[in-house]
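[1] Quick one, fold the following:
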Amino acid sequence: MTLILRKISRKFGRRIILNNLNLEVREGEILALLGPSGCGKSTTLRIIAGLERPDTGEILINGANMTHIPPVDRKIGMVFQNYALFPHLSVGENLSLGLNIRGVPNKQIQVRVSSILGLMKLDDHVNKLPAELSGGQRQRVALARALLRDPSIYLLDEPMSNLDAQLREDLRPELRSLITSENKPVVYVTHDQNEAMALANRIAILNNGVIEQIDTPQDIYKNPKTYFVASFIGSPKINTVNQSNEILSAVRPEDIYFSEEGLNCKVLAREWHGKNQIIILDCSKGILRMICDVDTKIPTNTKVSWDKDKVYRFNINTGKRSILTT
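    Model (predicted):
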């Protein structure tokens, strides 16, 4: 089972939302669509689901052209940011409703709902209303409902953005295990780079309706093809250390170190992050951020440097990675 988007474009008035987008999601793969608000992530998901029509291009699911097929006939399992549960129905009723509508026999419904409740650790909540559940439990109900549909493809639209940071971290491995066990293509929309890096096999970075790079999480971070990708991925954000008429040079905070022969800097602030601290520096290059051990003692005035082979260089006009080594 594969999902292929070919030359998908979408406009709202004069505004281009998606521009000639090509994408392939393989069987058993989680592909994260990552980018800032308004970059086209959710529009892409809605087009795959059939909730919006592309102006140009086509959607292929397992080789079949689904571009003009109604949403109900696409066998899509969707999980939304807001869960979309019926508030007046219990957990069991929310899960069985879709099966009833599709004419599944009652005995089969009972077996399938019971099985998914056990898988999701929701057995004790079958008679509860959504309002009686925690955020994490409501999210598991929404995911269970998508799994019960036995879809060809899973589409997840920021499904954990309403949860607190600790709960998101706790649910990530559980969510990944559940959706990959189905061995079907998964498109996961998020604005959270940590979530994308943790869950996805590959990440597609979207910027103004264009895919700037598709790659593994490791290569997206280590080998960004554009300045946008380099600056969007990484926390703290990559530092700009030099800019000419042609080339913009940048270095990641973890690649900056203290050096007696380095650049004169003044410490402006520190941020504590567990075993590390982020040092915010003011220097002739502007504001720089570096990462060091939490126990490192740093004077107000200090010097820092970085190795030449750790510098990323980008064409100032195109934003693309430069092969210059000077």
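[2] Poorly predicted segments of the stretch 201-326 of the chain, please.
    Counting by pLDDT under 70, the stretch 201-326 of the chain contains low-confidence ranges at 323-326.
[3] Let's see that with 50 instead.
    Segments of the stretch 201-326 of the chain classed as low confidence (criterion: pLDDT under 50) are 325-326.
[4] Now do the strands in it.
    Counting by DSSP state E, counting those that start in this stretch, the segments of the stretch 201-326 of the chain that form strands are 202-207, 210-215, 239-243, 247-251, 257-273, 276-283, 286-293, 301-305, 312-315.
[5] The stretch 1-150 of the chain now?
    Taking DSSP E, counting those that start in this stretch to define them, one finds strands in the stretch 1-150 of the chain at 3-12, 15-25, 30-34, 56-61, 64-65, 76-79.
[6] check contacts around the residue lying closest to G135 once chain neighbours are set aside.
    Excluding the flanking residues, the one nearest G135 by CB to CB, 6 or more residues apart in numbering is L163, at 4.9 Å. All C-beta spots, glycine's among them, are computed from the backbone N, C-alpha and C. In this structure, L163 makes contact with G135, G136, Q139, L171, judged by CB atoms under 8 Å, 6 or more residues apart in numbering.
[7] Could you check how far Y154 is from S42?
    Between Y154 and S42 the distance, using CB to CB, to the nearest Å, works out to 15 Å.
[8] For those two, indicate the residue with more neighbours.
    Using other CB atoms under 10 Å, the more surrounded residue of Y154 and S42 is Y154, with 24 against 19.
[9] name the helices or strands packed onto the helix or strand hosting that one?
    Following DSSP states H and E, the helix or strand that holds Y154 is strand 153-157. The contact analysis (3 or more CB pairs under 8 Å, 6 or more residues apart in numbering; DSSP states H and E) places strand 153-157 against helix 41-49, strand 76-79, strand 186-190.
[10] Adjacent strands (with direction) for that strand?
    Looking at strand 153-157 with DSSP bridges, its partner strands are strand 76-79 (parallel), strand 186-190 (parallel).
[11] ok, back up a step: and the strands of the stretch 1-150 of the chain, which is most packed in?
    The highest mean neighbour count among these, using mean count of other CB atoms under 10 Å, belongs to strand 30-34: a mean of 25.
[12] Export that strand to CSV, keeping only CA atoms.
    Once side chains and other backbone atoms are set aside, the C-alpha atoms of strand 30-34 remain, and they are given as CSV (Å, rounded to 0.1, in the frame of the first residue of the first chain):
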residue,chain,number,x,y,z
ILE,A,30,5.4,7.4,9.0
LEU,A,31,6.0,10.6,7.1
ALA,A,32,5.8,13.8,9.0
LEU,A,33,4.7,17.0,7.3
LEU,A,34,6.5,19.7,9.3
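[13] ok, and the most crowded of the contacts of L163?
    Neighbour-wise, these (other CB under 10 Å) top out at Q139, 24 neighbours.
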